[in-house]
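S.K.: Fold the stuff below for me.
(chains A and B)
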Amino acid sequence: MSQARTLNNMTNVGDAPGARPLPRKRNLDWVGLVPFFLFVFFFLILPSLNIFIRSFQSLETGGFTLENVMAIFQRADLRNAYKASLSISLITSIGGAIFGFLLAYAVCLGGLPPALRTFLLTFSGVASNFAGVPLAFAFIATIGITGLVTRWIEAILGIDIHAAGFSIYNIWGLSIVYMYFQFPLMVLIMAPALDGLRREWREACENLGGTGAQYWRYVAFPILLPTILGTTILLFGNAFGAYATAYAFSGSFINLVTILIGAQMQGDVLYNPNLGYALALGMVVIMALCMVGYALLQRRAARWTR
Amino acid sequence: MKRIPIWSWIIFILGMIYFFLPLISVFEFSLRKIRGIYSFEAYRLAFIDPRFYQNFGLSLFWSVLTITISLLLILPTAYWVHLRMPRWRPVVEFFTLMPFVVPAVVLVFGMARLYARVSFMVELPVLLIAGYVVLSFPYMYRSVDAGLRAIDVRTLTEAAQSLGAGWRVILLQIILPNLRVAILSGVFLTFAIVMGEFTFASLLSWPAFGPYMEEIGAMVAYTPQALSVVSFLITWACIGAIQRLARGAPELLAGTR
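M.R.: Residues are numbered from 1 along each chain as shown, chains lettered A, B, ... in the order given. Reported below is the predicted structural model:
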């Protein structure tokens, strides 16, 4: 046994040139990816790592601490910021998913003229990319104090919605704004999924005596469910990370996490620089969970689309 | 006899109202500069303000820089992954999708704090452009990757090589022309994103069109709404151009929020 090993070692270690395979060319293929990964390292990985480390760093001693992360749960202002961000994301992702699905269904399978479908998809592409400051202004001009819809309601119903204690500068008002880029995204993703439902499945169901409702309950809906849930998660993350739209729409009326991080950057509003890192870390964790969920559901959805 | 799909129509019309009402409202609002009549006065005022040209011009400049750097990084990388390093594709893809995990405001916070004492990063718009490039990654990589999938990269490269072409010729004269549509889609989308971007420019204190709009929005009425309409038209033009190019529905995800 031991003899065999030494023999083996000898043949491997022995430096006889003839015994070696042809001199292999050094594989330098990886060099081609260096610029990309250098960029990613300096402008994505390092800043993220910095956030991660500083979140667990004590302000006074510089040592390890859980204080900053715990503050998110303990301090009312931080907790409320997360609550506001999570609620608005939940409202607009579920709302956007339902409305977007119905809209996609209407143009794909609902018997509307095909031209409307093309039009809707084009418009969804534009609307899902129309966000930020101009979107906020558009909605202020719609439902703001002198907005068009506000004036219409006043002229027709005689009700001044803003005098009636209604404010658009709260979570619900901001949700209406966010919906503008949320449901078009759902339409864009659902339309191809609905097109992917094969006619054979419906026919097979009908041949077995199934009704339309049964087809949807037992065939189409289970197939679409991973896509629907996955997209809902995507919409959730989409709203959760939004900053520009909220800032331009309501300034600091609504303390979203993103707004708080922005304010913390411009002046230490939390009176502890390391709290900003913890807030940011919390966002990354939630977003990462969303993306993992999305990826898992995507894999499931892909089973039926070959 | 065919039934009229009444529910489909109701949903569709509701959707259209949601789409168009804000656009009509902001347009109507922008026309109300002169009391009592509709006029394009707000647009005239917006376009005679020299600061509009400064900021708009700067945003144009930022977007050109972003597009150039993004293309220089993504094109060779995506090509190389297709040709030689297919095993690395999931890794590259993962990093290009990072903007969906790390929100812009978090990224800018992390970068600004990390590089606060590196003088050339603060004095030059390095972080701004780097941030925009990161934002452009998902769109640029997706379009270029889709373009590369549609052509046979290996055969094209090998054919060119056996005819004696060097790397420069292969990339610039063989691969690039075949990817024209894919590249243009990525370029237009990046352009639309950077032109209206607010988060990075505002928090890093660099002048740009987005912060300018927000700033005058807090001071005067009507002109900011006029600029919103302009901004919408830019987005519309970019997306329209992509769809015209791509024929059929290209995969468009979300822009900056």
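
S.K.: Next, the contact list for B:Tyr79, please.
M.R.: B:Tyr79 makes contacts with B:Leu148, B:Val153, B:Leu171, B:Ile175, as judged by CB atoms under 8 Å, 6 or more residues apart in numbering or on different chains. Yep, even glycine has a C-beta here, placed from its N, CA and C like the rest.

S.K.: so how far is B:Phe137 from it?
M.R.: B:Tyr79 sits 16 Å away from B:Phe137, taking CB to CB, to the nearest Å as the criterion.

S.K.: thinking again about what came up before, among the contacts of B:Tyr79, which are located in helices?
M.R.: Assignment to helices by DSSP state H places the following of the contacts of B:Tyr79 there: B:Leu148, B:Val153.

S.K.: Using TSV, please lay out the contacts of B:Tyr79 together with distance to B:Gly36.
M.R.: Shown next, in TSV, are these (distance: CB to CB, whole Å):
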residue	distance to B:Gly36
B:Leu148	58
B:Val153	63
B:Leu171	61
B:Ile175	60
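
S.K.: Sort out which one of the contacts of B:Tyr79 lies nearest chain A for me.
M.R.: B:Leu171 (11.4 Å; CB to the nearest CB).

S.K.: For the closest one, grab the count of nearby residues.
M.R.: Neighbourhood size, B:Leu171 [other CB atoms under 10 Å in any protein chain shown]: 16.

S.K.: what do you get for the one 10 residues further on?
M.R.: Each residue near B:Val181 was counted by other CB under 10 Å, and the total is 17.

S.K.: Correct me if wrong: it contacts B:Leu148.
M.R.: No: if you go by CB atoms under 8 Å, B:Val181 and B:Leu148 don't touch, sitting 12.0 Å apart.

S.K.: quick revisit: which two of the contacts of B:Tyr79 lie the greatest distance from each other?
M.R.: B:Leu148 and B:Leu171 (12.3 Å; CB to CB).

S.K.: which helices and strands does the strand or helix carrying A:Gln182 pack with?
M.R.: Here A:Gln182 sits within helix A:171-195, counting by DSSP states H and E. Helix A:171-195 is packed against helix A:76-108, helix A:114-129, helix A:133-143, helix A:221-240, helix A:244-250, helix B:6-30, with contacts defined by 3 or more CB pairs under 8 Å, 6 or more residues apart in numbering or on different chains; DSSP states H and E.

S.K.: Make CSV out of the ones you listed and add mean pLDDT.
M.R.: Formatted as CSV, the helices and strands packed on helix A:171-195 follow (pLDDT from 0 to 100):
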stretch, mean pLDDT
helix A:76-108, 93
helix A:114-129, 86
helix A:133-143, 90
helix A:221-240, 90
helix A:244-250, 89
helix B:6-30, 92
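
S.K.: So for A:Glu206, which of those sits nearest?
M.R.: Among those, helix A:221-240 sits nearest to A:Glu206 (CB to CB), with 16.3 Å.

S.K.: Would you mark the buried spots in the closest one?
M.R.: A:223-224, A:226-240 (16 or more other CB atoms under 10 Å in any protein chain shown).

S.K.: got the helices and strands packed on helix A:171-195 as JSON lines, with distance to A:Trp172 columns?
M.R.: Formatted as JSON lines, the helices and strands packed on helix A:171-195 follow (distance: least, CB to CB, whole Å):
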{"stretch": "helix A:76-108", "distance to A:Trp172": "8"}
{"stretch": "helix A:114-129", "distance to A:Trp172": "20"}
{"stretch": "helix A:133-143", "distance to A:Trp172": "11"}
{"stretch": "helix A:221-240", "distance to A:Trp172": "13"}
{"stretch": "helix A:244-250", "distance to A:Trp172": "12"}
{"stretch": "helix B:6-30", "distance to A:Trp172": "15"}
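
S.K.: among these, which is nearest A:Val257?
M.R.: helix A:76-108 (4.4 Å).

S.K.: Quick one: list the elements packing against the closest one.
M.R.: Against helix A:76-108 (3+ CB pairs under 8 Å, 6+ apart) you get helix A:67-74, helix A:114-129, helix A:171-195, helix A:221-240, helix A:257-266, helix A:273-302, helix B:6-30.

S.K.: Switch those helices over to CSV; also include distance to A:Thr92.
M.R.: Formatted as CSV, the helices and strands packed on helix A:76-108 follow (distance: least, CB to CB, whole Å):
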stretch, distance to A:Thr92
helix A:67-74, 22
helix A:114-129, 13
helix A:171-195, 4
helix A:221-240, 5
helix A:257-266, 14
helix A:273-302, 14
helix B:6-30, 13
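
S.K.: And these: which comes nearest A:Val31?
M.R.: Comparing those by their distance to A:Val31 (CB to CB), the top pick is helix A:273-302, with 29.9 Å.

S.K.: Does that closest one reach chain B?
M.R.: Yes: contact of helix A:273-302 with chain B (CB under 8 Å from any CB of the partner chain) involves A:Gly276, A:Tyr277, A:Ala280, A:Met283, A:Val284, A:Met287, A:Ala288, A:Met291.

S.K.: Could you tell me the angle between that helix and helix A:76-108?
M.R.: Inter-element angle recorded for helix A:273-302 and helix A:76-108: 20 degrees (by axes from the mean of the first three to the mean of the last three CA atoms, to 10 degrees).

S.K.: And helix A:273-302, what's buried?
M.R.: In terms of neighbour count (16+ other CB under 10 Å), helix A:273-302 has its buried residues at A:274-284, A:286-287, A:290-291, A:293-294, A:297, A:301.

S.K.: can I assume A:Ile168 sits in a strand?
M.R.: No: applying DSSP: H, G, I helix; E, B strand; the rest coil, one finds A:Ile168 to be coil, outside a strand.

S.K.: ok, back up a step: out of the helices and strands packed on helix A:171-195, flag the one nearest B:Gln161.
M.R.: Nearest to B:Gln161, of all these, is helix A:114-129, at 38.8 Å by CB to CB.

S.K.: so what does that closest one touch, helix or strand wise?
M.R.: helix A:76-108, helix A:171-195, helix B:6-30, helix B:180-196, helix B:223-246.

S.K.: Compare those helices and report which one is nearest to A:Ala244.
M.R.: Across those, A:Ala244 has its closest neighbour in helix B:180-196 (8.4 Å, CB to CB).

S.K.: gap between the closest one and the chain center?
M.R.: Put simply, helix B:180-196 sits 5 Å off its chain's centre (CA atoms, centre = their mean, to the nearest Å).

S.K.: just stretch B:204-212 next, same as before
M.R.: For stretch B:204-212, the distance to the chain centre is 16 Å (CA atoms, centre = their mean).

S.K.: wait, does that stretch contact chain A?
M.R.: Yes: interface with chain A: stretch B:204-212 contributes B:Gly210 (CB under 8 Å from any CB).

S.K.: okay, that stretch in PDB with CA atoms only?
M.R.: Presented in PDB, the C-alpha positions along stretch B:204-212 are these (Å, rounded to 0.1, in the frame of the first residue of the first chain):
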ATOM      1  CA  LEU B 204     -24.800  63.500  -4.800                       C
ATOM      2  CA  SER B 205     -25.500  67.200  -5.400                       C
ATOM      3  CA  TRP B 206     -24.800  67.200  -9.100                       C
ATOM      4  CA  PRO B 207     -26.900  69.400 -11.400                       C
ATOM      5  CA  ALA B 208     -29.200  67.500 -13.700                       C
ATOM      6  CA  PHE B 209     -32.600  67.700 -15.300                       C
ATOM      7  CA  GLY B 210     -34.400  65.700 -12.600                       C
ATOM      8  CA  PRO B 211     -33.300  67.800  -9.600                       C
ATOM      9  CA  TYR B 212     -33.800  71.000 -11.700                       C
END
